[in-house]
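Undergrad: sharing a model that was predicted from the sequence below.
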Amino acid sequence: MGQVNGDTPSTILGDFLDKCGGCAVVDGGFATELERYGADLNDPLWSAKCLISSPQLVRRVHLDYLDAGANIILTASYQATIQGFESKGMSREEAEHLLKRSVEIACEAREIYADKSRKSSWEFVESGQASRRPVLIAASIGSYGAYLADGSEYSGNYGEAMTLKALKDFHRRRLQILANSGADLLALETIPNKLEAQAYAELLEEEAMMNTPAWFSFSSKDGVNVVSGDSISECASIADSCKQVVAVGINCTPPRFIHDLIVSIRKVTNKPIIIYPNSGETYDPEQKQWVKSSGVSDEDFVSYVGKWREAGASLFGGCCRTTPNTIRGICRVLSEDRSK
Ligand SMILES: C[S+](C)CC[C@H](N)C(=O)O
Ligand SMILES: N[C@@H](CCS)C(=O)O
Ligand SMILES: [Zn+2]
């Protein structure tokens, strides 16, 4: 297993977890919250469409998650790709600017939140020092399947012709830009297969300028394998071997599958485990809508957190169909645990 101590990118996350008391809270469904505000995401760019049409709403959603207690907020770049923006008629420069803008907007939200906390903090008035909750910004990077905009991140089936080189070529420039954008972390999320994990790992190691730490987060639909059917152990081992990867985990996966996946991941890595499941509902990629009725309530979701922690996870949040309310519930459970 890879080392997590020493002078490596992982010290950034280790120090951060220490400051947070051992466990950190990630935000919840980003696109979900945009939609709750009325955004229409029926578009190949999905949530990234709002980087063009409503950046102020993107900032609002970041602030909502900060207000709910998140220590890590993910940018609106999940489905923001140079190729996707170009197919909307933008130039490469415009596309690259929007990628950087996604991080700037999150940084603006963090600043606004810090100012607000300073002004309202009694301790600040008393001692001249605000007791500020640490906040990191993670640049979201969705998979090639997300770019396809047909729900392929839930199958991981890219066809026989897909190669490691093609995936690396697809992701290279976006990773370079986001790694140099001022984000604290890269969130390689909803990874559906081993080939894409390998592509990310090789890019992070080959591109010397990418000193930004990254997490790898996979999705699963059975609690045993990642969605493509590739072994979670093999996928997590790729993440473990990559020195720039500082956490490994699971996102956008029903809560009931998470415990067993944490156990499998823990067998192959000592790196921190990150968990941000969806509500358990099913996505209809044609309608670009979630099918209600199969999900769990916020109370049920939150009731899992203690067990995930016992199984070895230390970063907790939510993915699609979770909301600031879910994040408040996670914060409550973790602070109750800490005071025991
Ligand atoms: C994580 S899924 C709900 C994201 C949206 C998908 N890539 C689509 O465009 O339909
Ligand atoms: N960060 C993205 C992940 C989608 S699976 C979102 O929350 O919308
Ligand atoms: Zn999701």
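TA: Cool, the structure landed. Given the structure is predicted, the values throughout are model-derived calculations rather than measurements. Ligands and ions are numbered 1, 2, ... in the order given.
Undergrad: helices along the stretch 1-150 of the chain, start to end?
TA: Counting by DSSP state H, counting those that start in this stretch, the stretch 1-150 of the chain has helices at residues 10-19, 30-36, 49-53, 55-68, 82-86, 92-120, 122-127, 144-148.
Undergrad: burial of I12, as a residue count?
TA: Neighbourhood size, I12 [other Cβ atoms under 10 Å]: 15. Every residue, glycine included, has its C-beta placed from N, CA and C.
Undergrad: any idea how far the residue lying closest to it once chain neighbours are set aside is from E207?
TA: In this structure, I12 finds its nearest non-sequential neighbour in P213, 5.4 Å apart by Cβ to Cβ, 6 or more residues apart in numbering. Between P213 and E207 the computed distance is 14 Å (Cβ to Cβ, to the nearest Å).
Undergrad: what of E86?
TA: Distance of E86 to E207, computed by Cβ to Cβ: 21 Å.
Undergrad: where in the stretch 101-250 of the chain is pLDDT low?
TA: For the stretch 101-250 of the chain, the stretches with pLDDT under 70 are 121-131, 208-210.
Undergrad: can you add distance to P192 and give the helices of the stretch 1-150 of the chain back as TSV?
TA: Shown next, in TSV, are these (distance: least, Cβ to Cβ, whole Å):
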stretch	distance to P192
helix 10-19	24
helix 30-36	17
helix 49-53	22
helix 55-68	25
helix 82-86	18
helix 92-120	22
helix 122-127	45
helix 144-148	6
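Undergrad: of all those, which one comes closest to ligand 2?
TA: Minimum separation from ligand 2 across these (Cβ to the nearest ligand atom) falls at helix 30-36, 3.5 Å.
Undergrad: helix, strand or coil for the closest residue to L315 other than its chain neighbours?
TA: Leaving aside its chain neighbours, L315 sits nearest to I274 (3.9 Å; criterion: Cβ to Cβ, 6+ apart). What DSSP: H, G, I helix; E, B strand; the rest coil gives for I274 is strand.
Undergrad: list the contacts of I274.
TA: If you count contacts by Cβ atoms under 8 Å, 6 or more residues apart in numbering, I274 has them with 26, 215, 217, 247-251, 313-317.
Undergrad: just the buried residues out of these, in PyMOL syntax.
TA: Of the contacts of I274, the buried ones can be selected in PyMOL as follows, counting by 16 or more other Cβ atoms under 10 Å:
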select buried, resi 26+215+217+247+248+249+250+251+313+314+315+316+317
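Undergrad: still on that earlier bit, just say which of the helices of the stretch 1-150 of the chain is most tucked in.
TA: When you average the neighbours per residue for each of those (mean count of other Cβ atoms under 10 Å), helix 144-148 leads with a mean of 23.
Undergrad: packing partners of the helix or strand just after it?
TA: Later in the chain than helix 144-148, the nearest helix or strand by DSSP states H and E is helix 164-179. Helix 164-179 sits against helix 82-86, helix 92-120, strand 136-141, helix 144-148, strand 185-191, helix 194-206, with contacts defined as 3 or more Cβ pairs under 8 Å, 6 or more residues apart in numbering; DSSP states H and E.
Undergrad: didn't F218 look like it was pressed against N225?
TA: No. Taking Cβ atoms under 8 Å as the definition, F218 is not a contact partner of N225, at 9.3 Å.
Undergrad: who has more neighbours, those two?
TA: Neighbours per residue, other Cβ under 10 Å: of F218 and N225, the larger number sits with F218, 32 against 21.
Undergrad: what about the residue in the chain positioned nearest to ligand 1, how many neighbours?
TA: Closest to ligand 1 within the chain is A149: 3.6 Å, counting by Cβ to the nearest ligand atom. A149 has 17 neighbours, counted by other Cβ under 10 Å.
Undergrad: who's in contact with it?
TA: Taking Cβ under 8 Å, 6+ apart as the test, what A149 contacts is 44-46, 79, 84, 285.
Undergrad: from those residues, which is closest to R110?
TA: Q79 (22.1 Å; Cβ to Cβ).
Undergrad: residues in contact with that closest one?
TA: Counting by Cβ under 8 Å, 6+ apart, Q79 makes contact with 44-48, 142, 146-147, 149.
Undergrad: same for ligand 2: which of those residues are within range?
TA: S47 (Cβ under 6 Å from any ligand atom).
Undergrad: just give the nearest non-adjacent residue to M162, would you?
TA: Once flanking residues are discounted, M162 sits nearest to L195: 6.9 Å by Cβ to Cβ, 6+ apart.
Undergrad: before we move on, back to that, joint contacts of F218 and N225?
TA: Taking Cβ under 8 Å, 6+ apart as the contact rule, F218 and N225 both touch I232.
Undergrad: report the contact partners of F85.
TA: Here F85 is in contact with 45, 48, 94-95, 98 (Cβ under 8 Å, 6+ apart).
Undergrad: circling back: P213 and E207: which is more packed in?
TA: Neighbours of P213 and E207, each counted by other Cβ under 10 Å, are more numerous for P213; the result is 25 against 15.
Undergrad: wait, what's in contact with the residue in the stretch 201-340 of the chain positioned nearest to ligand 2?
TA: At 4.0 Å from ligand 2, C252 is the closest residue in the stretch 201-340 of the chain, using Cβ to the nearest ligand atom. The contact partners of C252, taken as Cβ under 8 Å, 6+ apart, are 153-154, 189-190, 219, 276-278, 319-320.
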